[in-house]
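Student: what follows is a protein structure lacking sequence information:
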């Protein structure tokens with residue numbers, strides 16, 4: 001998704017071109033241990049409500065992402081940690 005890659009990077013490692021300005025850096029979605037510890041519901045809420053709920057207020061909210069699009073995005077983000085193993 002074009003709104004995610006500038007910070008999370010094309011591969012979801014948190015190494016996008018804008019990531020260098022963030023402390024802490026954007027989440028690395030290839031980290032299987034972290035990704036396995038969060039539910040799809042929590043991941044979906046973070047996508048929709050932004051990083052403020054995780055103490056990362058610079059991640060924008062995306063309330064327009066809903067239903068099938070949200071489920072597809074959650075599945076894609078989950079796939080990033082499975083490919084890294």
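Tutor: Received, thanks. All values reported here derive from a predicted model rather than from experimental measurement.

Student: quick one, what contacts the residue lying closest to residue 24 once chain neighbours are set aside?
Tutor: Distances taken as CB to CB, 6 or more residues apart in numbering place residue 56 nearest to residue 24, at 7.2 Å, with adjacent residues excluded. C-beta: built from backbone N, CA, C; applies to glycine. Taking CB atoms under 8 Å, 6 or more residues apart in numbering, we find residue 56 in contact with 22, 24, 26-27.

Student: just the residues you listed: which are in strands?
Tutor: Nothing among these maps onto strands, per DSSP state E.

Student: and of these, the nearest to residue 60?
Tutor: Minimum distance to residue 60 across those is 11.6 Å, recorded for residue 26 (CB to CB).

Student: what is the burial count for residue 62?
Tutor: Residue 62 has 18 neighbours, counted by other CB atoms under 10 Å.

Student: surely it and residue 48 touch.
Tutor: Yes - counting by CB atoms under 8 Å, residue 62 touches residue 48, with 5.9 Å between them.

Student: what packs against the lengthiest helix in the chain?
Tutor: Ranked by residue count under DSSP state H, the longest helix found in the chain is helix 67-83. Contacts defined by 3 or more CB pairs under 8 Å, 6 or more residues apart in numbering; DSSP states H and E place helix 67-83 against helix 32-36, helix 40-49.

Student: one step back: quick one: buried ones out of the contacts of residue 56?
Tutor: For the contacts of residue 56, a neighbour count by 16 or more other CB atoms under 10 Å gives the buried set as 26-27.

Student: Throw the contacts of residue 56 into a markdown table and include pLDDT, thanks.
Tutor: Putting the contacts of residue 56 into a markdown table (pLDDT from 0 to 100) gives the following:
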| residue | pLDDT |
| --- | --- |
| 22 | 88 |
| 24 | 86 |
| 26 | 93 |
| 27 | 93 |
